[in-house]
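Visitor: Give me coordinates for this.
(chains A and B)
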Number of protein chains: 2
Amino acid sequence: MEGQRREPTRIMVGVNESTINGYPNASISSKGAFEWTVEKIIRSNTRDFKLLFLHVQVPDEDGFDDMDSIYASPDDFKSMKHRDKIRGIHLLEYFVNRCNEIGVACEAWIKKGDPKEVICHEVRRVQPDLLLVGSRGLGPFQRVFVGTVSEFCVKHAECPVITIKRRAHETPQDPVDD
Amino acid sequence: MEGQRREPTRIMVGVNESTINGYPNASISSKGAFEWTVEKIIRSNTRDFKLLFLHVQVPDEDGFDDMDSIYASPDDFKSMKHRDKIRGIHLLEYFVNRCNEIGVACEAWIKKGDPKEVICHEVRRVQPDLLLVGSRGLGPFQRVFVGTVSEFCVKHAECPVITIKRRAHETPQDPVDD
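Guide: Residues are numbered from 1 along each chain as shown, chains lettered A, B, ... in the order given. Got it, this is the predicted structure:
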């Protein structure tokens, strides 16, 4: 009906950083999944969709992975936390800017924890119409060691899920990357 | 660009018969997956999508499941084959009619074999942009005995895959059904 617009379709998109190029670069699978959705699902119908970008940061076990020394003052911890937040924001900025270029409404936020658990938790909380996850398309042998977020989400997320594998020519030398 | 329309997004939809109500009724998960796609993905943008309905018929091990007698003449086999075809066509008719009502272009066809293998084979042959599979959302215990087509397709289909679980209130008493 004219004048009475239906609610947009809300698509939650899990995005992560590139393991090859590091922050603020997004992984090949995140970028690929996003661009595919714009081209194949949203198309010219930009007003009818809203994208919800979720970036989950994995806490390091010891918190020292990037530091030269294991001796650290309380201030070091504070600045580390701050640095992580900034990195995550720069990653999300890429997607938010692309949405602005295309003219699609979006929101973006960061959470800490185990990506697969956090994504499913956020699906319950935010109730998107659809969850979009990029997949590295790993074989069974690689999967044993890496675990795949997409497989878990297809089973456990309480909404429909699109899984988008990388295209063959985009797969990096080590398929476990990105 | 005006006057130069982009190719529509081609969505292959795997549909099967209801195990509760039998042919020509479609399963709850097939209908649910289809209606969800119309409402959430296609929306008002009907000209930009084309739906490709694939129904895979599983051959009976002995070919006699629905017959009163195991004695059959060659003509019986012919009429059985013919009957199966008719049933499949009536199932597909439901989806084709819905597409006509909505104004979305579509194609529909029937294949025989193991649904998960045939769907992945047809994806390679037809190269849709997206494969849509309904899922019964079975737990790990039920999965062991039934196997799930959707899980196999997410891993093996050479295109992005949407998995759509039934909504809780649509799940039949025996979740292995439909």
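
Visitor: CA atoms for contacts and neighbours, from now on please.
Guide: Will do.

Visitor: is stretch A:32-39 anywhere near chain B?
Guide: No - counting by CA under 8 Å from any CA of the partner chain, chain B is not contacted by stretch A:32-39; separation bottoms out at 8.8 Å.

Visitor: Likewise for stretch A:98-117?
Guide: No - using CA under 8 Å from any CA, stretch A:98-117 never reaches chain B; the gap is at least 14.7 Å.

Visitor: measure that stretch end to end?
Guide: Stretch A:98-117 has an end-to-end distance of 27 Å (criterion: CA to CA, to the nearest Å).

Visitor: need the helices for chain A, in chain order.
Guide: Counting by DSSP state H, chain A has helices at residues A:28-37, A:74-102, A:115-126, A:140-146, A:149-156.

Visitor: Would you convert the ones you listed into a markdown table that also reports mean neighbour count, distance to A:L54 and mean pLDDT?
Guide: A markdown table is the format used below for the helices of chain A (neighbours: other CA atoms under 10 Å in any protein chain shown; distance: least, CA to CA, whole Å; pLDDT from 0 to 100):
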| stretch | mean neighbour count | distance to A:L54 | mean pLDDT |
| --- | --- | --- | --- |
| helix A:28-37 | 21 | 11 | 93 |
| helix A:74-102 | 14 | 8 | 88 |
| helix A:115-126 | 17 | 8 | 96 |
| helix A:140-146 | 11 | 21 | 53 |
| helix A:149-156 | 20 | 13 | 88 |
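
Visitor: Of all those helices, which one comes closest to A:L132?
Guide: Set against A:L132 and scored by CA to CA, the helices of chain A come closest in helix A:28-37, at 7.4 Å.

Visitor: so what does the closest one touch, helix or strand wise?
Guide: Helix A:28-37 sits against strand A:9-15, strand A:130-135, strand A:161-165, with contacts defined as 3 or more CA pairs under 8 Å, 6 or more residues apart in numbering or on different chains; DSSP states H and E.

Visitor: Is chain B within reach of the second one?
Guide: No - in terms of CA under 8 Å from any CA, no part of strand A:130-135 sits within range of chain B; the closest distance is 8.6 Å.

Visitor: Each with direction, which strands does that strand pair with?
Guide: Strand pairing for strand A:130-135, using DSSP bridges, gives strand A:9-15 (parallel), strand A:161-165 (parallel).

Visitor: What lies in contact with the longest one?
Guide: When contacts are taken as CA atoms under 8 Å, 6 or more residues apart in numbering or on different chains, the neighbours of strand A:9-15 outside the stretch itself are A:26-27, A:30-31, A:34, A:48-56, A:119, A:123, A:128-134, B:40-41.

Visitor: One more pass at 6 Å, please.
Guide: Outside strand A:9-15, the residues that touch it by CA atoms under 6 Å, 6 or more residues apart in numbering or on different chains are A:30, A:49-55, A:128-133, B:40.

Visitor: quick one: which of these is nearest to A:E7?
Guide: Closest to A:E7, out of all of the contacts of strand A:9-15 and judged by CA to CA, is A:F49, at 8.5 Å.

Visitor: who in chain A is up against chain B?
Guide: Within chain A, the positions adjacent to chain B are A:T9, A:K40, A:P160, A:V161, A:I162, A:T163, A:I164 by CA under 6 Å from any CA of the partner chain.
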